[in-house]
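> Attaching a predicted model along with its sequence, questions to come.
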Amino acid sequence: MEALGFDRQACLKGTGILLSELENVDIRISLQQELAFYRNTLSLSGDPAIGLKLGEPFLPQRYGLFGYALMSAATFRHALSLTEKFGRLTFSFFSFRFGVSGRQAWFSMTEPPPLEEDLVSLYLDRDMSAARVDFAEILGRELPLEGVWLTHDGHGRQQIYRDHFGCEIDFSAACGKLLFNSELLDQPLPQGDPESARHLQQQCQLLIAKLTTQGHFIDDVRMLVLSRPGFFPDIDYVAEKMGTSARTLRRRLREEGSSYRELLDEVRYGLAREYLGNTRLPMEEIATLLGYTESGNFSHAFRRWSGQSPRGWRLQHVAGAS
């Protein structure tokens, strides 16, 4: 917004977000704060198509592990499959799907969030624009679109949308959709790396696997713990970031059948197995990634979790897989 000529203070009006917090990577932004920001963008710009511009900075690298998993995928089909599977790791409220109809492939955004119509339109424009940018980055060249579906009527700016996507637009459609030639699906990607892709996908799986089997609160705690690789905060830090007290955090975790110590152990043990089984990283580096200052402390913890030493587990795992 600032690059478009708008004052950042005005963009944050009513959000409760301080200018000084914008440089702090540890700050958590609530849903209500995000919605207030986007309402401000609509009001300040007076442009219902502002979402097209707001989607352009969303490069794959901004999605963390998920973005790097996309870039290391073998083919575009593989990347779209990952997007469908791990879409929850993006900033989008929509559900992602892809498929093929004859010579034409499609990528869709469905299940819009329960928000006012102008915000839903902004989010769809933002996410469709972001998808186009991301796919171009993954492919190493512009994605040639054969058509775009949008669920709104174009707000009287239909030509702006045609110019932005470089193709005809089907307005007031049933869902958001990008259409392109299916021949693109199986072309090798320029940054494809099978070993990295496998490891990164397992990391993504760890981030979201089985989250629905527990309460939403424990999901939020786990995601905060996983948000900074190599940093495993204490309970007071997490409680502060979640806007609650350590006592309340302990109680709510207990109500969901867990504790902060158990959650940390679960996350570390899961990451340890991924690093030991799917990378060639030395023990000292794995210990550092798991937040241990000495590899001996990591070995002691791993024995407690698995009954084996890290080296013994790695040898057994590699031998069993070969």
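Thanks, I have the structure now.
> mind checking the SS state of Glu146?
The three-state assignment at Glu146 reads strand, by DSSP: H, G, I helix; E, B strand; the rest coil.
> Might one say that it is in contact with Asn181?
Yes: between Glu146 and Asn181 there is a contact at 6.6 Å, judged by C-beta atoms under 8 Å. C-betas here are computed from N, CA, C, even on glycine.
> Common neighbours of those two, please.
Taking C-beta atoms under 8 Å, 6 or more residues apart in numbering as the contact definition, Glu146 and Asn181 share the neighbouring residues Gln104.
> what is the mean pLDDT for stretch 50-70?
Stretch 50-70 shows a mean pLDDT of 91.
> For the remainder of this discussion, apply numbering that starts at 52.
Renumbered: residue one is now 52, and that last one reads stretch 101-121.
> what residues go with each domain of the protein?
Domain ranges of the chain: 59-235, 261-372, per automatic domain parsing.
> just how off-centre is the longest one within its chain?
Read that as domain 59-235. 12 Å (C-alpha atoms, centre = their mean, to the nearest Å).
> how long is it from one end to the other?
Between the opening and closing residues of domain 59-235 there is a gap of 40 Å (C-alpha to C-alpha, to the nearest Å).
> And the domains of the chain: which comes nearest Cys255?
Proximity to Cys255 (C-beta to C-beta) singles out domain 59-235 among those, at 4.7 Å.
> So which bits of the helix or strand hosting Val318 are buried?
Using DSSP states H and E, Val318 sits within helix 311-329. Burial within helix 311-329, assessed by neighbour count using 16 or more other C-beta atoms under 10 Å, is assigned to 311, 314-315, 318-329.
> what's next to it, contact-wise?
Contacts of helix 311-329 from elsewhere in the structure, counted by C-beta under 8 Å, 6+ apart, are 249-250, 253-254, 257, 269, 272-273, 276-277, 283, 286, 289, 300-301, 304, 332, 337, 340-342, 349, 352-353, 356-357, 361, 364-365, 368-369, 372.
> Out of the residues you listed, name the ones that lie in helices.
In this view, the contacts of helix 311-329 that belong to helices under DSSP state H are 249-250, 253-254, 257, 269, 272-273, 276-277, 286, 289, 300-301, 304, 337, 340, 349, 352-353, 356-357, 361, 364-365, 368-369, 372.
> May I ask which helix or strand of this protein has the lowest mean pLDDT?
Comparing every helix and strand of the chain by mean pLDDT, DSSP states H and E singles out helix 267-277 as the least confident one, with a mean of 76.
> If you count contacts, what does it end up packed against?
Applying 3 or more C-beta pairs under 8 Å, 6 or more residues apart in numbering; DSSP states H and E, we find helix 267-277 packed against helix 245-259, helix 286-292, helix 297-306, helix 311-329.
> so which of those helices comes closest to Leu133?
Comparison of those against Leu133 by C-beta to C-beta identifies helix 245-259 as nearest, at 6.7 Å.
> Show me what the helix or strand in which Ser94 is found is in contact with.
Ser94 belongs to helix 82-96 when assigned by DSSP H and E. For helix 82-96, the external contacting residues (C-beta under 8 Å, 6+ apart) are 52, 55, 57, 61-68, 99, 101, 105, 166, 169-170, 173-174.
> Same question for that helix: list its buried residues.
Residues of helix 82-96 classed as buried by neighbour count (16+ other C-beta under 10 Å): 86-93, 95-96.
> Now do the closest residue to His250 other than its chain neighbours, the pLDDT please.
Excluding the flanking residues, the one nearest His250 by C-beta to C-beta, 6 or more residues apart in numbering is Asn329, at 4.8 Å. With respect to pLDDT, Asn329 scores 75.
> returning to that earlier point: in JSON lines: the domains of the chain, plus distance to Pro241.
Shown next, in JSON lines, are the domains of the chain (distance: least, C-beta to C-beta, whole Å):
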{"stretch": "domain 59-235", "distance to Pro241": "4"}
{"stretch": "domain 261-372", "distance to Pro241": "23"}
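> Could you tell me the least trusted of the ones you listed?
Between the domains of the chain, the one with the least mean pLDDT is domain 261-372; it has a mean of 83.
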